[in-house]
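Asker: what shape does this take:
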Amino acid sequence: MMTTSMNQLKFATTKAKDGLFDEAIEILLFTYQSGISSDADILKILPYYQKAGRYNELEKLCQEQFIPQLEQLNHSTFSHKCEEIQKSFLSLKLYKLYAKLALCAERENQTMDEKRFISFSQQYYRVYEELLEQGTKVEELKEFKSIAKRYGKNSNMWPEFLQKKFSKYIK
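Answerer: Numbers count the residues shown, from 1 in each chain. Modelled structure (predicted):
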């Protein structure tokens with residue numbers, strides 16, 4: 001299935017290079033129905049809509065189809081991580097999506113849309129940075145607790161590299 005999906009993506013890219021953007025879009029949409037493997041797959045289709053003269057469809061399509069797909073992809077990728085990490089990487093995906101929408105708006109001389117999308121993109125990037133920092137701390141503390149459970153509360157008995165790594169948590 002992965003090979004078929006990759007072949008379809010290549011085929012869509014070939015169609016786009018030939019200027020057949022509507023055909024490329026249809027191929028990608030069909031391919032996406034079988035499952036999106038990355039946010040890059042979604043981002044790839046956005047400029048095709050703009051180049052096909054279908055810019056006006058983009059924002060609604062993103063809201064109704066692509067953002068939910070990004071959320072699902074993010075959940076399947078990061079469900080084993082804390083909520084902060086999950087939300088941070090979703091914010092990163094949304095940052096990229098809105099940056100791509102801003103580029104499409106710029107190409108269409110839609111200045112108000114471009115500014116709005118840039119603003120969304122910047123907001124999502126700030127949220128990504130903040131939540132990633134928080135999430136990293138949460139995950140580190142989770143790891144510390146797991147190590148303490150595994151090796152015992154007496155950190156002097158832990159391997160030296162773990163003592164160094166978690167020194168800020170050791171009393």
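Asker: so, low pLDDT: which residues of the protein?
Answerer: Within the chain, the segments meeting pLDDT under 70 span 1-5, 34-37.
Asker: longest single helix anywhere in it?
Answerer: helix 111-151 (DSSP state H).
Asker: next helix or strand past that one?
Answerer: Counting by DSSP states H and E, the next helix or strand C-terminal to helix 111-151 is helix 160-165.
Asker: show me what counts as buried in that following helix.
Answerer: 162, 165 (16 or more other C-beta atoms under 10 Å). Using the backbone N, CA and C atoms, a C-beta is placed for each residue, glycine as well.
Asker: one step back: list the helices and strands the longest helix of the chain packs on?
Answerer: Packing partners of helix 111-151 (3 or more C-beta pairs under 8 Å, 6 or more residues apart in numbering; DSSP states H and E): helix 83-107.
Asker: so the helix it packs on versus helix 111-151, what angle?
Answerer: 160 degrees (axes from the mean of the first three to the mean of the last three C-alpha atoms, to 10 degrees).
Asker: please identify the buried residues of helix 83-107?
Answerer: Applying 16+ other C-beta under 10 Å to helix 83-107 flags 84-106 as buried.
Asker: before we move on, what about stretch 52-71?
Answerer: Under 16+ other C-beta under 10 Å, the buried positions of stretch 52-71 are 52, 55, 58-59, 61-62, 66-67, 69-70.
Asker: of all the residues you listed, which comes closest to Ile147?
Answerer: Leu70 (33.4 Å; C-beta to C-beta).
Asker: so what's that closest one up against?
Answerer: For Leu70, the contact set (C-beta atoms under 8 Å, 6 or more residues apart in numbering) comprises 39, 42, 90, 93-94, 97.
Asker: in those, find the pair that's most separated.
Answerer: Farthest pair in these, by C-beta to C-beta: Ile42 and Leu90, 12.8 Å.
Asker: count of neighbours near the residue lying closest to Thr13 once chain neighbours are set aside?
Answerer: Nearest non-adjacent residue to Thr13, counting by C-beta to C-beta, 6 or more residues apart in numbering: Ala24, 7.2 Å away. When neighbours are defined as other C-beta atoms under 10 Å, Ala24 has 25 of them.
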